[in-house]
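Q: Quick one, what's the 3D model for this:
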Amino acid sequence: MVLKYFIACCLLMTASVLQSERHLRVMFYNAENYFDCRDDSLSRDEDFLPQASYAWSPKRFLHKTEQLARVLAIAGEGSFPHLVGLAEVENEDCLRFLLEASPLKNADYRYIYAESADPRGIDVCLLYNRFVFKPLAWESIRPLFHDKKKNTRDLLYVKGLLPNRENLHIFVCHLPSRYGGTRASEPFRRQVAGQLRKRVDSLFCVEPTARILIMGDFNDEPDNLSLVRDLAARNPREPYQPAALYNLMWPLMDRADYGSHKYQGRWSVIDQIIVSSALLYDHPVQQQSAPVRRLPEAWIMFEDILLIKDQKYLGYKPYRTYEAFHYLGGYSDHLPVCLDIPY
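A: Numbers count the residues shown, from 1 in each chain. I've put the predicted structure just below:
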């Protein structure tokens, strides 16, 4: 009996390894205010202190850390995603704690973190499995605005090698929020999206078949101007076009009861994964042949554990950490988005 159990475990482990060799699992997650409990004089983190309005404590920070690790475990389906973009992380201390004092300590993760001028002190980062992805270069890109007083999160750019020796260019983003109104804040998102597009074009100029992966919280949906016009991210249902970007979240907008974020009873898809045509399609050897799509559909982690009943608007909504200043103890006000990339 013991021998049978051992053999079964070996087979499961072998199957898991083989699957991980075939696919690179990608996840993006807005973690909703992953703050430590210490005061940072360079950012407005005063609300997240033990005696402050959120009564943020070491116990709550530890609970939040354990929840983050649990989300990654669920996304990995028995393992952990190979690439994880995170938003709303206060600092590197939080990341070190996440990777050293949680179940992620056995996940072989390393991180790249973009320290920015965001007034709230929330930034983006990339977690990567060091045995699957090898970073070659990275840059923290500071967005510039017509309004010189405006600050936001930096864009994180990372170039690295996959196990098949192909380059992968990654951007992790968290565009300006809709605070102050959608229309009033839209120019800020459009300016950042336009600057991101310039970076993408510079890659295409050097390498038209560049494999580009963009993931983030855009605070806009795929059909908004910042994504359609400024970033020029196409619907994957549209015909193939070389050196183009395709927003894999377009098909997920068809359902009214589904999304990555819910506000005043309405679901939206503001957390997105966007890829270049060279990543979406296989290019045939013969030029006359049509490219064949190689990527499966992206998906939103619409898991029961991440949801709570929406008492006001009915249905469900993300199980968030805070509602106003009331502590709920949930995961985040966003749901993760995922993609498998064959290699």
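Q: contacts, neighbours, all on C-alpha from now
A: Fine.
Q: Going along the chain, name the strands of the stretch 101-250 of the chain.
A: 109-113, 123-129, 134-141, 155-161, 167-174, 212-217, 233-234, 245-247 (DSSP state E, counting those that start in this stretch).
Q: where does L339 land in three-state SS?
A: Using DSSP: H, G, I helix; E, B strand; the rest coil, the secondary structure recorded for L339 is strand.
Q: typo on my end, S53
A: S53 is classified as coil under three-state DSSP.
Q: Around the residue lying closest to K309 once chain neighbours are set aside, how many other residues sit close by?
A: Nearest-residue entry for K309: Y316, 4.4 Å, with adjacent residues in sequence omitted and distances by CA to CA, 6 or more residues apart in numbering. Look at Y316: counted by other CA atoms under 10 Å, it has 19 neighbours.
Q: on that earlier part again, can you redo the strands of the stretch 101-250 of the chain as TSV with distance to R60, mean pLDDT and mean neighbour count?
A: Shown next, in TSV, are the strands of the stretch 101-250 of the chain (distance: least, CA to CA, whole Å; pLDDT from 0 to 100; neighbours: other CA atoms under 10 Å):
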stretch	distance to R60	mean pLDDT	mean neighbour count
strand 109-113	23	98	19
strand 123-129	20	98	24
strand 134-141	30	98	16
strand 155-161	28	98	20
strand 167-174	24	98	23
strand 212-217	24	99	24
strand 233-234	38	98	24
strand 245-247	36	99	25
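Q: Please tabulate those strands in JSON lines and include distance to L99 as additional columns.
A: Putting the strands of the stretch 101-250 of the chain into JSON lines (distance: least, CA to CA, whole Å) gives the following:
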{"stretch": "strand 109-113", "distance to L99": "7"}
{"stretch": "strand 123-129", "distance to L99": "9"}
{"stretch": "strand 134-141", "distance to L99": "18"}
{"stretch": "strand 155-161", "distance to L99": "19"}
{"stretch": "strand 167-174", "distance to L99": "19"}
{"stretch": "strand 212-217", "distance to L99": "21"}
{"stretch": "strand 233-234", "distance to L99": "33"}
{"stretch": "strand 245-247", "distance to L99": "30"}
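Q: okay, and for the stretch 201-343 of the chain, where does confidence drop off?
A: Scanning the stretch 201-343 of the chain for pLDDT under 70 picks out the ranges 284-288.
Q: If we use 80, what do you get?
A: 283-290 (pLDDT under 80).
Q: got the residue ranges for the helices in it?
A: Along the stretch 201-343 of the chain, counting by DSSP state H, counting those that start in this stretch, helices occupy 225, 277-280.
Q: picking that back up, among the strands of the stretch 101-250 of the chain, which comes closest to D340?
A: Distance to D340, taken as CA to CA, is lowest for strand 212-217 among these, at 11.6 Å.
Q: can you give me the offset of the closest one from its chain's centre?
A: 7 Å (CA atoms, centre = their mean, to the nearest Å).
Q: That one - contacts with which helices or strands?
A: Strand 212-217 sits against strand 23-34, strand 83-89, strand 167-174, strand 271-276, helix 277-280, with contacts defined as 3 or more CA pairs under 8 Å, 6 or more residues apart in numbering; DSSP states H and E.
Q: If anything else comes up later, I'll come back, but that's it for now.
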